[in-house]
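Student: Sequence plus the predicted model coming up.
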Amino acid sequence: MRRLSILLTILLLAGCDKTWNDPYPAAEHGQNILYTAITDRPKHLDPVQSYSEDEITFTAQIYEPPLQYHYLRRPYEPIPATAVAVPQPLYLDASGRPLPSSVDAARIAFTDYVVEIKPGIYFQPHPAFARAGDGRYLYHDLADGDLVDKFVLADFTQRDTRELTADDYVYAIKRLAHPRLHSPILGLMGDYIVGLSDYALALSKPAPALDQPVGASQPNSALAQRRNWLDLRNLPLAGVEALDRYRYRIRIKGKYPQFLYWLTMPFFAPMPWEADKFHSQPGMAEKNLTLDWYPIGTGPYMLTENNPNARMVLERNPNFRRETYPCDGASEDRTAGLLDDCGKPLPFIDKVVFTREKEQIPYWNKFLQGYYDASGISSDSFDQAVQVGGTGDVSLTPEMQAQGIRLSTAVAASSFYMGFNMLDPLVGGKSDAARKLRQAIAIAIDQEEFISIFMNGRGVAAQGPIPPGIFGFREGQEGVNRTVYDWTEHGPRRKSIDVAKQLMAEAGWPSGQHEKTGEPLVVHLDTTATGVGAKARIDWLNKQFQKIDVQLVVRSTDYNRFQEKVRKGAVQLFYLGWNADYPDPENFFFLLYGPQGKVKYQGENAGNYANPEYDRLFEKMRAMENSPERQAIIDRMSAILQQDTPWVWGFHPKDYSLRHAWLKNRKPTKVGNNTLKYQRIDAQTRQEMRALWNRPMLWPVVVTVLLLILVALPAVRDFRRRERATAR
């Protein structure tokens, strides 16, 4: 009994020292670590290939393009990252002579952007830079047996660094054309960067000499034959060149102000040739010792653990340049405490741990226990987290408020819509009848109801293609779509169904029947949606069309078949969406630009809309910098689209994000992705709250043990009695 009492005491004391269900090592307690989760594993971490949201979560923290977005300002604004300043365009005519900045865009043959980078920036420590005393690279000429005991990058024990130079940016842009990398933006950039398409074509042709290291004396040497590295340093690209150690020039065709936004993306981050050569050696790919698995950059963090099925870890780059937290932002940022760390050095957090969570329920529960610092809100958890008032205002539930959880909302730079195929003889075309039919459908489909029912209110009904936060978006009465809405003292209100029915009659379809033949109006929607949730949406959509006596036929198909039908124009109505590549109205308006027509040009204009005035204004608008004149053109373009109604303007999704009170400086954004360096953790408060919320319940264990003792005592006494009797 005495031993049992000692054991129970030890258990109770242990429970006071460590939370029993804590999923993290004891050594991490109280550390300056951010804990979060990933639901999908990244496929590409090589910046030339990476182009998905689950990948840029990592690449944006590791790589540094020359520019970045200001963390707090809205609309989004490019500012320097490694660059000294945002480069200004230099316009040239066809002979290469400079032109004034006020020149008509039609006269501009080329635009030069000269990027000057800051001196004294260094790459993260990496074995590709390690050298012997004689200057020879330690790991650049590995023999067959050198990789036998190498399984992760940490197995290469020697590491070094070097300064970032302009050549590293030039080398990275050349890699867009690498025949074995298949960059998703090669086609687009080939239309702009001078010589890039020809460069890609030349690299794709068999040329054994291209695989030789610079300075190799014998192209067919045994060592050269073993190499799998395409050395791009001495293969010039006409439109990109280093001017000196810290300056490089990019020449693009014509005038394209949006090119600056591309310079914020990891595609244009630097790549040291040493790392490219190191990871291209034979045997590396078989062990995942590649740039797709081990990125290298100058950013605030470096990837130190890569197990995407379980856990990925970013740690502070000891060589990160000096950068400080911003001191200005949007009007509400000061009240929200987002300027409290003004001028302090970045990054604040030492380590970021990403745990793979395949199911939403454990993800959510760990957040509530304090084991994840932030979380989104799934549909299953929405009612537990958020309450919507009678006027549509959103707030946290009392349970969430009691835990000190904070809610952040932001409208995403995205647009989702129902498109009309403008080549279709019924719903398409330029006739008044077809236009009024489209307008009637746009009024009938109640986007506000859809957002409320199917999105838990997480969206904003669209008035046009441009979402909030993008230059050109008009707030309130100035931006309302007068074709679909009336403006009232309470804001925009959707026009009544009577207005929609009147438009139907004017279109030649009174009460949903042809005015001459009596034939009922039937329209077809092609969709890839399937399953229980999809059925509910389709049933709801049928009811919307029934309000104006239109019969809707839904044709479900797989994604590939759907894409083929859109390419051929074999659809009437369809659903699509668009996430901004960069925060400029051109990136949304081009979806309705005539020469982007899907059927004729295989472009991104899936509805094949064409309007000569709109196209003319688009061509002028896209070549302009932001200005009142540009805003006036955007207003006119929006009015044309609202009148023609080539889309049923759907919604801009609203992102809801939860965070614990100990996570500071977290501002939602879908455009700037290098956000981890700005966030800060109060680790002591977190540890205290975790202990409070996860106290072990030891009394069931104690009661169970005592019951077992009570049950066992009679047997023990009987056994000891028999022992004594036998002894006598």
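Tutor: Ah, there it is. Predicted model, so just to flag it, every value in this text is computed and none were measured.
Student: Give me the distance between the longest helix seen in the chain and the centre of its chain.
Tutor: Ordering each helix of the chain by length in residues (DSSP state H) puts helix 699-727 first. Remark: helix 699-727 is offset 64 Å from the chain centroid, using C-alpha atoms, centre = their mean, to the nearest Å.
Student: Low-confidence stretches in the stretch 301-450 of the chain?
Tutor: 390-392 (pLDDT under 70).
Student: where do the strands sit along it?
Tutor: Using DSSP state E, counting those that start in this stretch, the strands of the stretch 301-450 of the chain run over 301-307, 311-316, 351-356, 374-376, 386-388, 394-396, 406-411, 414-420.
Student: among the ones you listed, which is the most enclosed?
Tutor: Stretch with highest mean neighbour count among the strands of the stretch 301-450 of the chain: strand 414-420 (a mean of 23; mean count of other C-beta atoms under 10 Å). Any C-beta I mention is one placed from the backbone N, CA and C, and that applies to glycine too.
Student: Can you tell me the closest non-neighbouring residue to Pro184?
Tutor: Tyr51 (4.6 Å; C-beta to C-beta, 6 or more residues apart in numbering).
Student: List the buried residues in stretch 250-268.
Tutor: 250-253, 255-268 (16 or more other C-beta atoms under 10 Å).
Student: Which residue lies closest in space to Pro119, excluding its sequence neighbours?
Tutor: Per C-beta to C-beta, 6+ apart, closest to Pro119 is Tyr246, 5.9 Å.
Student: do Lys654 as well
Tutor: Going by C-beta to C-beta, 6+ apart, Lys654 has Arg458 as its nearest residue, at 4.6 Å.
Student: can you tell me how far the one you found sits from Gly491?
Tutor: 19 Å (C-beta to C-beta, to the nearest Å).
Student: of the two, who's got more company?
Tutor: Arg458 (21 against 10; other C-beta atoms under 10 Å).
Student: The more buried one contacts Pro653, correct?
Tutor: Yes. At 6.3 Å, Arg458 counts as touching Pro653 under the criterion of C-beta atoms under 8 Å.
Student: what's the burial count for Ile497?
Tutor: Neighbour number of Ile497 under other C-beta under 10 Å is 15.
Student: where does it land on pLDDT?
Tutor: You'll see Ile497 listed with a pLDDT of 97.
Student: so where do the strands sit in the stretch 51-200 of the chain?
Tutor: Counting by DSSP E, counting those that start in this stretch, the strands of the stretch 51-200 of the chain are 67-69, 78-80, 90-92, 98-99, 110-116.
Student: Quick one: list the elements packing against the last one.
Tutor: Counting contacts by 3 or more C-beta pairs under 8 Å, 6 or more residues apart in numbering; DSSP states H and E, strand 110-116 is packed against strand 90-92, strand 247-253, helix 259-262.
Student: and that strand with strand 247-253, angle?
Tutor: Orientation of strand 110-116 against strand 247-253 (axes from the mean of the first three to the mean of the last three C-alpha atoms, to 10 degrees) gives an angle of 160 degrees.
Student: In the sheet, which strands lie alongside strand 110-116, parallel or antiparallel?
Tutor: Strands that pair with strand 110-116, judged by DSSP bridges, come out as strand 90-92 (antiparallel), strand 247-253 (antiparallel).
Student: For these, give me TSV that also has distance to Asp446.
Tutor: Output for the strands paired with strand 110-116, formatted as TSV (distance: least, C-beta to C-beta, whole Å):
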stretch	distance to Asp446
strand 90-92	48
strand 247-253	44
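Student: Out of those, which is closest to Thr290?
Tutor: Of all the strands paired with strand 110-116, strand 247-253 sits nearest to Thr290, with 25.9 Å by C-beta to C-beta.
Student: In this structure, what helix or strand scores lowest on average pLDDT?
Tutor: helix 222-226 (a mean of 37; mean pLDDT, DSSP states H and E).
Student: how far is the helix or strand just after it from where the chain is centred?
Tutor: Reading on from helix 222-226 to the C-terminus, the next helix or strand found by DSSP states H and E is strand 240-242. Here strand 240-242 is found 29 Å from its chain centre; the criterion is C-alpha atoms, centre = their mean.
Student: Check stretch 104-118 too.
Tutor: 28 Å.
Student: how about it: buried residues?
Tutor: Buried, per 16+ other C-beta under 10 Å, within stretch 104-118: Ala105, Ile108, Ala109, Phe110, Thr111, Asp112, Tyr113, Val115, Glu116, Ile117, Lys118.
Student: can you check stretch 64-74 too?
Tutor: In stretch 64-74, counting by 16+ other C-beta under 10 Å, buried: Glu64, Pro65, Pro66, Leu67, Gln68, Tyr69, His70, Tyr71, Leu72, Arg74.
Student: Can you tell me which of these is nearest Glu241?
Tutor: Pro66 (15.2 Å).
Student: Give the phi and psi angles for the closest one, as a check.
Tutor: phi -70, psi -30 (degrees, to the nearest 10).
Student: State the number of residues packed around the residue nearest to it when sequence neighbours are not counted.
Tutor: In this structure, Pro66 finds its nearest non-sequential neighbour in Ala83, 4.0 Å apart by C-beta to C-beta, 6+ apart. Neighbours of Ala83 under the rule other C-beta under 10 Å: 21.
Student: Could you check how far Ala83 is from Arg245?
Tutor: Taking C-beta to C-beta, one finds Ala83 at 14 Å from Arg245.
Student: Same question for Ala336.
Tutor: 42 Å.
Student: Who has more neighbours out of the two?
Tutor: Shown here are Ala336 and Arg245; by other C-beta under 10 Å, Ala336 has more neighbours (16 against 13).
Student: Return the residues in contact with that one.
Tutor: For Ala336, the contact set (C-beta atoms under 8 Å, 6 or more residues apart in numbering) comprises Lys667.
Student: would you list every one of the strands in the stretch 501-650 of the chain?
Tutor: 522-527, 551-556, 573-579, 647-659.
Student: TSV for those strands, including distance to Asp424, mean pLDDT and mean neighbour count?
Tutor: Shown next, in TSV, are the strands of the stretch 501-650 of the chain (distance: least, C-beta to C-beta, whole Å; pLDDT from 0 to 100; neighbours: other C-beta atoms under 10 Å):
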stretch	distance to Asp424	mean pLDDT	mean neighbour count
strand 522-527	9	96	18
strand 551-556	14	94	15
strand 573-579	9	93	18
strand 647-659	14	94	21
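Student: Output those in a markdown table; the columns should cover distance to Ala177.
Tutor: Shown next, in a markdown table, are those (distance: least, C-beta to C-beta, whole Å):
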| stretch | distance to Ala177 |
| --- | --- |
| strand 522-527 | 36 |
| strand 551-556 | 40 |
| strand 573-579 | 26 |
| strand 647-659 | 35 |
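Student: Figure out which of the ones you listed is closest to Gly343.
Tutor: strand 647-659 (23.1 Å).
Student: What strands line up against that closest one, and which way round?
Tutor: As defined by DSSP bridges, the strand partners of strand 647-659 come to strand 374-376 (antiparallel), strand 406-411 (antiparallel), strand 414-420 (antiparallel), strand 459-461 (antiparallel).
Student: For the strands of the stretch 51-200 of the chain, could you give me CSV that also reports mean pLDDT and distance to Asn481?
Tutor: Output for these, formatted as CSV (pLDDT from 0 to 100; distance: least, C-beta to C-beta, whole Å):
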stretch, mean pLDDT, distance to Asn481
strand 67-69, 97, 29
strand 78-80, 97, 30
strand 90-92, 97, 37
strand 98-99, 96, 39
strand 110-116, 98, 35
